[in-house]
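Asker: prediction below, plus the sequence it came from.
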Amino acid sequence: MTINAVIFDSNGVLLKSEYLSSRLERDYGVKDADVVAAITDIMPKIRLPEAPKAWDFWKPYIKNWGLDFTEESFFAYWFSGEGLNQELFDYAKELKEQGKKIFILSNNFKERRDYYKKELGELFDLVDKAYFSRDTGFVKPDKQAWQLVLDEFSLNPKTCVYVDDSTTNVASAQSLGIIAAKYQGVGALRKLILDN
């Protein structure tokens, strides 16, 4: 079968950045482990529809760490450290020109989604649709996250490739019959698509 669609995770795949925890430790002396603990606590609470503002959860941590961020300056600091994986973006454009459908499937919250739509317009111009858990209500590795893409575009999972930086998410996609792999660079992805 020919590959008809490629579904990309966003962070760690189509988008790359230094970890927020590493940046806050380097720039402000906040322990990496403390930031990771905060992210682990906060992210599940803000990735779904109707979630409260992310700042409501971050503000106590920021205050506790003695940082002088406002809501706006904190998210500007965080998100401005993220950008397109240009090599992968260029390959995704190639795939689109070959007639393949291109999707983003991301566990993400409102403020980050809105920033990406404002600052990374070229990415959203490229994809057929971007699915964010904040909008869909399905958080990977919930199989319904991928099933929604398959159903909305009448896709056969055997003709779809999915790439993520999480082995758990890869395994969940594979359980639906999707050809899925952990992202290991453009060369590996190109080979995966050519071989299927």
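Answerer: All right, it came through fine.
Asker: all strands of the protein, in order?
Answerer: For the chain, the strands defined by DSSP state E occupy 5-8, 15-17, 82-84, 101-106, 129-132, 160-164, 179-182.
Asker: ok, now how distant is the nearest residue to Glu82 once chain neighbours are set aside from Ser80?
Answerer: Computed as Cβ to Cβ, 6 or more residues apart in numbering, the closest residue to Glu82 that is not its neighbour in sequence is Ser17, at 3.9 Å. In this view, the C-beta of every residue, glycine as well, is placed from N, C-alpha and C. Distance of Ser17 to Ser80, given as Cβ to Cβ, to the nearest Å: 9 Å.
Asker: what's the most buried one of the strands of the chain?
Answerer: Per residue and on average, the most neighbours among the strands of the chain fall to strand 160-164, with a mean of 25 (mean count of other Cβ atoms under 10 Å).
Asker: in this protein, where's the longest helix?
Answerer: Using DSSP state H, we find that the single longest helix of the chain is helix 32-46.
Asker: okay, the strands of the chain in JSON lines with mean pLDDT and distance to Ile39 next?
Answerer: Formatted as JSON lines, the strands of the chain follow (pLDDT from 0 to 100; distance: least, Cβ to Cβ, whole Å):
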{"stretch": "strand 5-8", "mean pLDDT": "98", "distance to Ile39": "21"}
{"stretch": "strand 15-17", "mean pLDDT": "94", "distance to Ile39": "13"}
{"stretch": "strand 82-84", "mean pLDDT": "95", "distance to Ile39": "14"}
{"stretch": "strand 101-106", "mean pLDDT": "98", "distance to Ile39": "15"}
{"stretch": "strand 129-132", "mean pLDDT": "98", "distance to Ile39": "17"}
{"stretch": "strand 160-164", "mean pLDDT": "98", "distance to Ile39": "18"}
{"stretch": "strand 179-182", "mean pLDDT": "98", "distance to Ile39": "20"}
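Asker: sweet, I'm off.
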